[in-house]
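Chemist: Any chance you could fold what I've pasted below:
(one chain, ligands or ions: 1)
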Amino acid sequence: MVFEDTFVDVIHKATNGLGYKKMDLMERSGLSMLEIEACLTHRTDYEESIWKLAEALNLKPEALVLLARADSGTEPQIPDQPQHVVSLPTEVPGWDGMTVNSYLVGCPQAAEACLVDAGASPRQVQAVLQQRGWILKYFFLTHAHRDHIQQLGQLQTSFPNCTFLAPQGECPDGCQPITAGFNVRVGKLRALALATAGHSPAGTSYAFEADDSEEIVICCGDALFARSMGKVGKDHFHSALKTVKQALLSYPKHTVLAPGHGPLTSVDLELAQNPFLAE
Ligand SMILES: [Zn+2]
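Modeler: As a prediction, this is how the structure comes out:
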């Protein structure tokens with residue numbers, strides 16, 4: 001299992017997002033509590049129940065079944081690592097075994113790079129910069145949840161010549177506030193801020209496109225995970241889904257999505273296999 005969320009997590013997130021109780025789930029799916037419990041204890045031979053729960057929760061049934069099979073060891077599809085993007089998964093202290101991703105996105109011609117999110121330590125970041133021969137120009141924050149800013153202070157101290165940028169409304173000390181549409185060039189690379197609120201009030205994603213390449217990479221924080229999404233409360237659940245579709249999944253199918261937790265994915269894979277993105 002490589003995904004951040006299991007099919008059970010997805011069922012819980014959808015149930016919470018829709019504001020349903022277990023009784024609602026029983027009524028809407030036609031399943032008994034016993035059948036629901038069996039389904040939620042990772043019994044993939046309960047695919048028929050998974051299908052019914054998906055329909056009750058407006059999830060894409062084929063995608064939820066596929067995710068359940070991934071839980072039981074079926075090799076999941078994930079895109080290759082783009083050449084100039086380095087993922088830096090880092091443990092989150094106090095959250096049992098959980099990791100948060102930071103990303104370095106570089107322009108080799110200019111020998112400059114951007115860092116997205118502050119989960120990784122200055123030592124981890126410096127090691128990659130040295131190895132690639134890059135200089136850190138910009139830091140972008142997707143949102144100010146604790147795990148995504150856990151090393152921010154240390155990074156600011158270690159990289160005094162880097163410009164630290166964060167979404168207006170979720171802008172920690174030492175960062176300059178930016179809003180959607182903000183863009184900046186780093187060599188041949190253009191970084192563009194996209195509004196992807198929902199998981200957090202001012203959540204922002206960053207699209208990186210290079211002049212000399214078809215490749216597009218979007219660091220999307222917790223707006224989207226491979227086959228799932230970050231937790232969203234009842235009040236913002238529908239708008240968050242709409243935002244993900246409009247802001248992220250409207251990009252070309254080959255666009256690589258780099259989430260705040262778990263593996264990389266692509267627009268193509270999420271359109272086909274993300275249970276939340278039922279048509
Ligand atoms: Zn978060």
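Chemist: What distance do you get for residue 132 to residue 99?
Modeler: Residue 132 sits at a distance of 22 Å from residue 99 (criterion: C-beta to C-beta, to the nearest Å). Just so you know, the C-beta spots here come from the backbone N, C-alpha and C atoms, and that holds for glycine as well.
Chemist: Residue 164 too?
Modeler: Distance of residue 164 to residue 99, computed by C-beta to C-beta: 22 Å.
Chemist: So between those two, which is more surrounded?
Modeler: When residue 164 and residue 99 are compared for neighbours, residue 164 comes out ahead with 20 against 16, by other C-beta atoms under 10 Å.
Chemist: Report the beta-bridge partners for the more buried one.
Modeler: For residue 164, the beta-bridge partners are residue 139 (DSSP bridges).
Chemist: And for the residue of the stretch 1-150 of the chain found nearest the ion, nearest residue in space, chain neighbours not counted?
Modeler: Residue nearest to the ion within the stretch 1-150 of the chain (C-beta to the ion): residue 145, separated by 3.5 Å. Leaving aside its sequence neighbours, residue 145 sits nearest to residue 200 (C-beta to C-beta, 6 or more residues apart in numbering; 6.3 Å).
Chemist: any idea how far the ion is from the one you found?
Modeler: Residue 200 sits 6 Å away from the ion, going by C-beta to the ion, to the nearest Å.
Chemist: what does the stretch 101-250 of the chain put close to the ion?
Modeler: Within the stretch 101-250 of the chain, the residues that sit near the ion (C-beta under 5 Å from the ion) are 145, 222.
Chemist: contacting residues for residue 97?
Modeler: Going by C-beta atoms under 8 Å, 6 or more residues apart in numbering, residue 97 touches residue 91.
Chemist: Using the three-state scheme, assign it.
Modeler: Each residue gets one of three states, and residue 97 gets coil by DSSP: H, G, I helix; E, B strand; the rest coil.
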